[in-house]
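Engineer: I need the structure of the sequence given here:
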Amino acid sequence: MLVAAAVCPCPPLLVPEVAAGAGPELDAARNAALDALGVLAAARPDLLIVAGPAGAEDPGSFPPGSAGSFAGFGVGLTVRLGKRPVGASAPERPLPASLAVGAWLLDRARWGGAPVEGLGVGERLPAGECLRAGADLAARAERVALLVMGDGSACRTVKAPGYLDERAAGFDAEATRALGDADVAALSALDESLAYELKVAGRAPWQVLAGAARGANLGGRLLYEGAPYGVGYAVAAWS
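Structural biologist: Sure, this is the predicted structure:
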């Protein structure tokens, strides 16, 4: 059963070594994300699953100890998703960028609790499949926590990666409200086609969260919202 969740943005720029001189611009989001991880730790889960968007080559499960690298962003930094069990073989697949950022956050927060696994969620995965995947995750252990990585629209300003789309602010406002209120129904109903057009990387992982949270009666709290690079970022904690 899902007992807690943290929702965090997943730009590699969240990692100071990647951001370099731009690091301070995301200080507020970074600090809020670490606060959200504190909520996960306080819930004392039996299993923590990090879920985030993945490209066509990266969906599926990632076992404890899976490694990710930021070399593709010009930084020689490697992170691991929790600890590899004693005697287990080294995982072969590298983490997608979103899960690598999640692994970095857990390392920064000195996570020492439950075992950690990863789930790469295809960005075009239909809502129904996301909801079913979330329900399956919640059934994995008696006390499950989720760290859900995902960004809002990348079309908030003319300098955004997707340029300006007038629909972006409204979409992000509703998604952010739903994340802050732990509104499972609203997250489940997010428009897949519109999210794709607005380059919303978090839509599928958020709907996985919605599936996991059905019947859990969790409350939500919004810790951060902003769009410093024309991309919508939100941090929320559910418990």
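Engineer: from here on, contacts and neighbour counts on C-alpha atoms
Structural biologist: Fine.
Engineer: Which SSE is immediately downstream of the lowest-mean-pLDDT helix or strand in the chain?
Structural biologist: In the chain, no helix or strand scores lower on mean pLDDT, DSSP states H and E than helix 16-19, which sits at a mean of 90. Next helix or strand after helix 16-19 toward the C-terminus (DSSP states H and E): helix 27-42.
Engineer: from the chain's centre, how far out does that next one sit?
Structural biologist: 12 Å (CA atoms, centre = their mean, to the nearest Å).
Engineer: Can I get that helix in CSV, CA atoms only?
Structural biologist: Extracted in CSV, the C-alpha atoms of helix 27-42 (Å, rounded to 0.1, in the frame of the first residue of the first chain):
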residue,chain,number,x,y,z
ASP,A,27,18.2,26.3,-5.2
ALA,A,28,14.6,26.7,-4.1
ALA,A,29,13.4,23.7,-6.1
ARG,A,30,16.4,21.6,-4.9
ASN,A,31,15.8,22.5,-1.3
ALA,A,32,12.1,21.7,-1.6
ALA,A,33,12.9,18.4,-3.1
LEU,A,34,15.1,17.4,-0.2
ASP,A,35,12.3,18.5,2.2
ALA,A,36,9.9,16.2,0.3
LEU,A,37,12.3,13.3,0.7
GLY,A,38,12.2,13.9,4.4
VAL,A,39,8.5,13.0,4.2
LEU,A,40,9.3,9.7,2.6
ALA,A,41,11.9,8.9,5.3
ALA,A,42,9.4,9.7,8.0
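Engineer: All further residue positions should be reported with the first residue as 51.
Structural biologist: Renumbered: residue one is now 51, and that last one reads helix 77-92.
Engineer: elements contacting that helix?
Structural biologist: Helices and strands touching helix 77-92, as assessed by 3 or more CA pairs under 8 Å, 6 or more residues apart in numbering; DSSP states H and E, comprise strand 52-58, helix 147-158, strand 194-199, strand 270-276, strand 283-288.
Engineer: That helix vs strand 52-58, what angle?
Structural biologist: Compare the direction of helix 77-92 with that of strand 52-58 by axes from the mean of the first three to the mean of the last three CA atoms, to 10 degrees and you get 170 degrees.
Engineer: What lies in contact with helix 77-92?
Structural biologist: Residues outside helix 77-92 that contact it (CA atoms under 8 Å, 6 or more residues apart in numbering): 54-58, 64, 155-156, 158-159, 161, 163, 195-197, 273-275, 283-289.
Engineer: With stretch 214-227 instead?
Structural biologist: For stretch 214-227, contacts defined as CA under 8 Å, 6+ apart pick out 202-208, 236-237, 240, 245, 248, 272, 275, 282, 284.
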